[in-house]
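Engineer: I'll drop the sequence and a predicted model, then ask my questions.
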Amino acid sequence: MKRIEDILEHPLFQQCLKENEKWEAQRPFCHHNLDHLIDVARIAYAMALEMEDFSSFSKGLGHCCRNQTKEVIYAAAILHDMGKWKQYEEGLDHAIVGAHYCENVLMECGFTALERESIAEAIRCHRHKWKGVSKTFLGSILALADFHSRLCFRCAMQEECNWPERKQRKLIY
């Protein structure tokens, strides 16, 4: 998965990851670090393989093999919180900022226009999992994987967390 390695080494991605770490250094709640991003990627891919729409999604992107689709899912998951630091710094919606930031990264890492569009839409809508905003396969699994990646049942800050109890799953994916 060469394109994923390229994303992980991309200067803008690295800068956003460092900014997230800086803003969350003293934050006692969940962090938006590389561990979280990889967890979301693995969960999203597992979910995708279990869904009936996987083949349709893959063909819709023009992919002939599962590995190409895996790269798209991993790219969306790894890039989905690029704008989180902008939310802390300026109050901007990190999903909108992240969708904007990801476009150049994806282009420079060899993703097609259709792949870039699909990934950006998924990132833009990943926060709206409870409102049903994302109508796409990738947007839906990204939102769900982001949700299922949280280990609220083990968190020492569970009582102080602003996530409602209904979101604090006792079950991990």
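Structural biologist: Received the coordinates, thanks.
Engineer: contacts, neighbours, all on C-alpha from now
Structural biologist: Noted.
Engineer: From the chain's centroid, how far away is the lowest-mean-pLDDT helix or strand in the chain?
Structural biologist: Using mean pLDDT, DSSP states H and E, the weakest-scoring helix or strand in the chain turns out to be helix 54-60, at a mean of 75. Chain-centre distance of helix 54-60: 19 Å, with CA atoms, centre = their mean, to the nearest Å.
Engineer: Now Phe54: closest residue in space that isn't a chain neighbour?
Structural biologist: Spatially, and ignoring its direct neighbours in sequence, Phe54 is nearest to Ala48 (5.8 Å; CA to CA, 6 or more residues apart in numbering).
Engineer: Does the one you found touch Ser56 like I think?
Structural biologist: No - using CA atoms under 8 Å, Ala48 makes no contact with Ser56, being 11.1 Å away.
Engineer: Neighbour count: those two, which is higher?
Structural biologist: Ala48 (23 against 11; other CA atoms under 10 Å).
Engineer: who does whichever strand or helix holds that one touch, helix- and strand-wise?
Structural biologist: According to DSSP states H and E, Ala48 maps onto helix 34-50. Contacts defined by 3 or more CA pairs under 8 Å, 6 or more residues apart in numbering; DSSP states H and E place helix 34-50 against helix 66-79, helix 137-148.
Engineer: Go ahead and name everything in contact with that helix.
Structural biologist: 17, 54, 70, 73-81, 141-142, 144-146, 148-149, 173 (CA atoms under 8 Å, 6 or more residues apart in numbering).
Engineer: cool, and stretch 116-123?
Structural biologist: Taking CA under 8 Å, 6+ apart as the rule, stretch 116-123 contacts 72-73, 75-76, 79-80, 95-96, 98-100, 102-103, 106-107, 134, 136, 138-140, 142.
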